[in-house]
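Engineer: here is a sequence with its predicted model. Questions after.
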Amino acid sequence: MSPVTIAFLIILVMTVAGYFIGKSRALHAAGATNERLHSLPSQHAAYLALWVGIPGIMLLLVWLLLQETTIQNIVFAAIPGTLTDGLTDAQRALLISEIVNVHHGRVFQAPRPEVVEGARHYGALVSTAGTALIAAIVAICCAGMSWGWSRIKVHFRARHGVERIMSGFMILCSMIAIFTTIGIVLSLVFETIRFFQMVPVHEFLFGLRWEPQIALRADQVAGQGAFGAVPVFTGTLLIATISLCVAVPIGLFAAIYLVEFADDRVRNVVKPAMELLAGIPTVVYGFFAVLVVSPVLVQAGGAVGLDLPPTLSLVAGLVMGIMIIPFISSMSDDAITAVPRSLKDGSLAMGATKGETITKVLLPAALPGIVGGVLLAASKTLGETMIVVMAAGLIANLTFNPLEGVTTVTVQIVAMLTGDTEFDNPKTLSGFALGFVLFLATLMLNIAALSIVRKYREQYD
């Protein structure tokens with residue numbers, strides 16, 4: 001059992017023990033003074049348990065965050081200078097990786113003596129760190145137990161203390177989410193700026209050739225590279241358009257049927273079955289596209305004299321449209337259901353048919369929610385990768401023909417950043433530029449969806 005697992009179990013056991021000890025302490029204090037507790041015994045117990053568990057978990061997370069980097073720096077500093085002088089960051093990372101692999105027994109050839117010594121030193125430090133982690137966890141949990149124990153008294157406001165701790169914990173979680181988002185955005189921005197220092201912005205945004213295969217080393221033979229992203233953007237929009245043309249009518253009509261025509265038995269079966277589509281992994285959709293949809297379309301094309309390739313943007317768009325049907329259907333269902341019944345009843349009372357009521361009253365009233373769902377589904381299609389890789393191919397082809405293969409932004413990001421790469425050349429940095437453009441596109445779609453829903457929803461409340 002690893003030291004991390006042992007430390008986690010210690011935190012869990014001591015937290016549970018702290019809960020029961022805190023409850024017993026509160027009951028004993030009330031019985032000894034014959035006074036009524038200010039807070040419930042369970043609130044005193046929760047207060048003590050939180051003082052045991054939260055410091056332990058925070059220490060464990062910080063320890064895991066810093067341990068590996070600290071150990072690697074210590075090991076690298078102990079390696080003789082003859083082996084480390086003049087190494088670049090990538091070469092240093094490679095040397096550390098070799099030492100770690102030797103420590104874990106992943107040896108494919110006889111390692112150098114310095115590497116063997118570094119692996120021994122690394123193992124000793126890992127063992128020491130594990131022991132120190134367990135000791136530190138026990139110490140901080142005991143300290144929290146002692147502090148919480150000393151605070152539990154008859155008049156102690158344990159409920160307020162629990163609320164303050166939980167509020168602080170939730171604020172911390174929110175701040176982590178905020179800073180993580182900021183870090184993601186900044187990493188995209190900085191690397192994108194580096195890319196545009198090597199490739200002009202106008203060439204990237206308006207160039208018609210995407211051929212990023214450039215020589216990364218002096219011994220490689222490759223082209224000069226072309227970073228015109230218009231074919232990539234075109235392929236992304238083509239597949240997204242096809243998928244929306246499939247998903248919007250089916251999802252909208254399915255929602256209308258489930259709300260206005262289906263009885264409860266049909267609705268209780270069809271709605272969960274449709275929403276199961278949202279839980280299917282995208283790689284499964286990719287297999288379905290390659291093994292079922294693509295052969296059917298190729299055979300159908302051959303029957304009418306068309307020689308179609310196995311990778312088609314039409315295949316990727318059709319399968320992606322099936323994937324996003326639940327998003328559009330579910331949000332349209334909620335939007336139509338939220339329309340006040342008085343609007344529907346008033347239309348029917350005026351002599352309108354059910355079809356006229358749906359088209360002239362319900363759909364206009366639910367339009368903000370429907371449009372919001374469509375835009376959110378569109379942002380999901382822009383970020384899809386697996387289906388496009390398996391069904392549409394990797395070639396950046398500037399075409400609007402759905403019977404040809406294309407590529408998308410996400411596929412090219414994966415292609416540019418796959419494997420051991422250094423972020424010091426236009427090829428790898430182009431992945432960040434594409435990611436930044438994709439981020440802006442999805443952000444705009446989400447903002448538009450939320451703005452539409454917020455602007456028009458009040459008219460029908």
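Structural biologist: Thanks, I have the structure now. Numbers count the residues shown, from 1 in each chain.

Engineer: residues contacting the closest residue to residue 312 other than its chain neighbours?
Structural biologist: Nearest residue to residue 312, sequence neighbours excluded (Cβ to Cβ, 6 or more residues apart in numbering): residue 403, at 5.8 Å. Every residue, glycine included, has its C-beta placed from N, CA and C. Residues counted as contacts of residue 403 (Cβ atoms under 8 Å, 6 or more residues apart in numbering) are 301, 306, 308, 312-314.

Engineer: how many residues are close by residue 182?
Structural biologist: When counting by other Cβ atoms under 10 Å, one arrives at 10 neighbours for residue 182.

Engineer: what do you get for residue 168?
Structural biologist: Neighbours of residue 168 (other Cβ under 10 Å): 11.

Engineer: so how far is residue 62 from it?
Structural biologist: Using Cβ to Cβ, to the nearest Å, residue 168 is found at 17 Å from residue 62.

Engineer: for residue 32, same thing?
Structural biologist: Look at residue 32 and residue 62: by Cβ to Cβ, they are 39 Å apart.

Engineer: what of residue 396?
Structural biologist: Per Cβ to Cβ, residue 396 is found 44 Å from residue 62.

Engineer: now residue 15
Structural biologist: With distances taken as Cβ to Cβ, residue 15 is found 18 Å from residue 62.

Engineer: okay, these two: which has more neighbours?
Structural biologist: Using other Cβ under 10 Å, the more surrounded residue of residue 15 and residue 62 is residue 15, with 21 against 10.

Engineer: show me what contacts the more buried one?
Structural biologist: By Cβ under 8 Å, 6+ apart, the residues touching residue 15 are 49, 52-53, 56, 141.

Engineer: now with 10 Å?
Structural biologist: Contact partners of residue 15, counting by Cβ atoms under 10 Å, 6 or more residues apart in numbering, are 48-54, 56-57, 141, 144-145.

Engineer: nearest to residue 240, of those residues?
Structural biologist: Minimum distance to residue 240 across the contacts of residue 15 is 41.8 Å, recorded for residue 57 (Cβ to Cβ).

Engineer: tell me the spacing between the closest one and residue 42.
Structural biologist: Noted for residue 57: a distance of 21 Å to residue 42, by Cβ to Cβ.

Engineer: can you check residue 454 too?
Structural biologist: Using Cβ to Cβ, one gets 41 Å for the distance from residue 454 to residue 42.

Engineer: so between the two, which is more surrounded?
Structural biologist: Shown here are residue 454 and residue 42; by other Cβ under 10 Å, residue 42 has more neighbours (15 against 11).

Engineer: got a pLDDT number for that one?
Structural biologist: We have a pLDDT of 85 for residue 42.

Engineer: got a list of what it touches?
Structural biologist: Here residue 42 is in contact with 19, 22-23, 26, 158-159, 162 (Cβ under 10 Å, 6+ apart).

Engineer: that one: which element?
Structural biologist: Under the criterion of DSSP states H and E, residue 42 resides in helix 41-78.

Engineer: right, and the helix or strand after that helix?
Structural biologist: Sequence-wise, the next helix or strand downstream of helix 41-78 (DSSP H and E) is helix 81-84.

Engineer: list the buried residues for that following helix?
Structural biologist: For helix 81-84, a neighbour-count test (16 or more other Cβ atoms under 10 Å) marks nothing as buried.

Engineer: contacts for that helix?
Structural biologist: With contact meaning Cβ under 10 Å, 6+ apart, helix 81-84 is reached by 76-78, 91-92, 95, 112, 114-115, 118.

Engineer: who wins for neighbours among these?
Structural biologist: Among those, the one with the most neighbours (other Cβ under 10 Å) is residue 118, at 26 neighbours.

Engineer: what helices and strands are in contact with the helix or strand harbouring residue 430?
Structural biologist: Element membership of residue 430, judged by DSSP H and E, is helix 426-457. With contacts taken as 3 or more Cβ pairs under 10 Å, 6 or more residues apart in numbering; DSSP states H and E, helix 426-457 sits against helix 158-198, helix 201-206, strand 226-227, helix 230-256, helix 313-337, helix 363-382, helix 409-417.
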